[in-house]
Each structure stands twice: as C-alpha cells, then as structure tokens.
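[1] generate a structure from the sequence data that follows.
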Amino acid sequence: MLLSLDAEALYGELLQGIRPLLTEEAVLVGIWSGGAWLAERLHKDLGHPGRPGVISSTLHRDDFGERGLSRATDVTDLPFEVEGRRVVLVDDVLFTGRTIRAALNELYDFGRPQSVTLAVLVDRGGRELPIEAAVAAARVVLPKSQRLSLERDAQGAFTFKVEERA
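    Okay, here's the model as predicted:
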C-alpha cells in the first residue's frame, strides 16, 4: 500500500486544500524539515507575498533529553509578526501529535496568533494527543514499527521513505 503513495500527487492535493486557507492576512509556517520544504514550495506555487516561516519543535519536545539538538540548521525563523495573525501550520506526516504540540509551544513563544490551522501531506493515525489536521492530502494506516518520512531531491521533487524503527 505504501508504494502507491505518490508524494508529488499528494502535494497537488495539499496545494488545493491550502489555497482557500492562505488568505492575504494569513501566514504559512512549516515545521522543520519536511513541513518547511512543503511550506516553501506551497508559498512559491501560491504566489503568496513575503516568505514562509520555519518553526523548530526541538526545544519543546518531551523527548528533548534523549534527542538533543538535531542540527545547527534546525532553528525557528518567523519573518513576520505572529501576534494576532492567522497561521497555516504545515507538516509532512502527522502521527502521534507530539511534534505538532511542540511546534505550537514554540509558535506561542513568539506571540499569540488569532488562529492556527494544521495542514499535512499524510495523516497516518496513531494519535496520542487530541490534534487533528484541517487538511490532509492522504490518510494511511501503518504499523507503529514503521516510520514514514518525506524526502526531497536536488530538483525539489518529493518522495516518501519507509523505514523500520529500531
């Protein structure tokens, strides 16, 4: 079933789902790394003014002690005021909801948005927190032992990678 997941086709679905959400007063924020890649491309393809934001969930993760800092590039960059804005938060894969919770905590460190709407490329179920995406290009069920991640090649094309967790 996973081999039939075409990341580029799903990107087109996500683009159509986000189009009505990304009004002139809204801002697009991608969660590092897959969500940031998606937000960058969505922003360009939708011709939205300015540039998209990138948010890191690293410092607010409940497993920070185990994971530590992942990369020097794993930083939050919000080139706009968050206070009172409509935020469209983008991620590649929604699973337990823990990354989204951490990203929301980071976002609120920069101000209180008017609203936050979540859009994801794939919702794989398995939620541990009460978090739901308003837009999901696909919904799939995977064993907990598998990890689904988005990859991007040098030309910017998206593919999925499935790995067994240790």
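[2] could you use CA atoms for every contact and neighbour count after this?
    OK.
[3] can you name the next helix or strand after the least confident helix or strand in the chain by mean pLDDT?
    Ranked by mean pLDDT, DSSP states H and E, the helix or strand of the chain with the weakest confidence is helix 64-67, at a mean of 49. For helix 64-67, the following helix or strand on the C-terminal side (DSSP states H and E) is strand 86-94.
[4] contacts for whichever helix or strand comes after that next one, please.
    Downstream of strand 86-94, the first helix or strand assigned by DSSP H and E is helix 98-108. Contact with helix 98-108 is made by 31, 55-62, 82, 94, 128-129, 131, as judged by C-alpha atoms under 8 Å, 6 or more residues apart in numbering.
[5] quick one: Asp77 and Gly53 touch, right?
    Yes. Using C-alpha atoms under 8 Å, Asp77 is in contact with Gly53, at 5.7 Å.
[6] who's more crowded, the two?
    Gly53 (22 against 13; other C-alpha atoms under 10 Å).
[7] got the confidence number for the more buried one?
    The score at Gly53 is 98. That number is its pLDDT.
[8] swap in Gly30?
    For Gly30, the predicted pLDDT is 98.
[9] what's the burial count for the residue nearest to it when sequence neighbours are not counted?
    Excluding its sequence neighbours, the residue lying closest to Gly30 (C-alpha to C-alpha, 6 or more residues apart in numbering) is Ala36, at 3.9 Å. Residues contacting Ala36 under the criterion other C-alpha under 10 Å number 23.
[10] mean confidence for stretch 152-166?
    92.
[11] does the residue nearest to Gly30 belong to a helix, a strand or coil?
    helix (DSSP: H, G, I helix; E, B strand; the rest coil).
[12] mind checking how far it is from Val141?
    Look at Ala36 and Val141: by C-alpha to C-alpha, to the nearest Å, they are 24 Å apart.
[13] just Glu163 next, same as before
    Using C-alpha to C-alpha, we find Glu163 at a distance of 14 Å from Val141.
[14] go on, Phe110?
    Distance from Phe110 to Val141, by C-alpha to C-alpha: 34 Å.
[15] what's the neighbour count on Leu42?
    Applying other C-alpha under 10 Å, we find 24 residues neighbouring Leu42.
[16] where does the nearest residue to it once chain neighbours are set aside land in three-state SS?
    The shortest distance from Leu42 to any non-neighbouring residue, by C-alpha to C-alpha, 6+ apart, is to Leu15 (6.4 Å). Three-state assignment for Leu15 (three-state DSSP): helix.
[17] what stretches of the chain score poorly on pLDDT?
    1-3, 61-74 (pLDDT under 70).
[18] how about the residue nearest the centre of it, nearest residue that isn't a chain neighbour?
    Most central in the chain under C-alpha atoms, centre = their mean is Asp91, positioned 1.2 Å from the mean C-alpha point. Distance criterion C-alpha to C-alpha, 6+ apart; nearest residue to Asp91, sequence neighbours excluded, is Gly35 at 3.7 Å.
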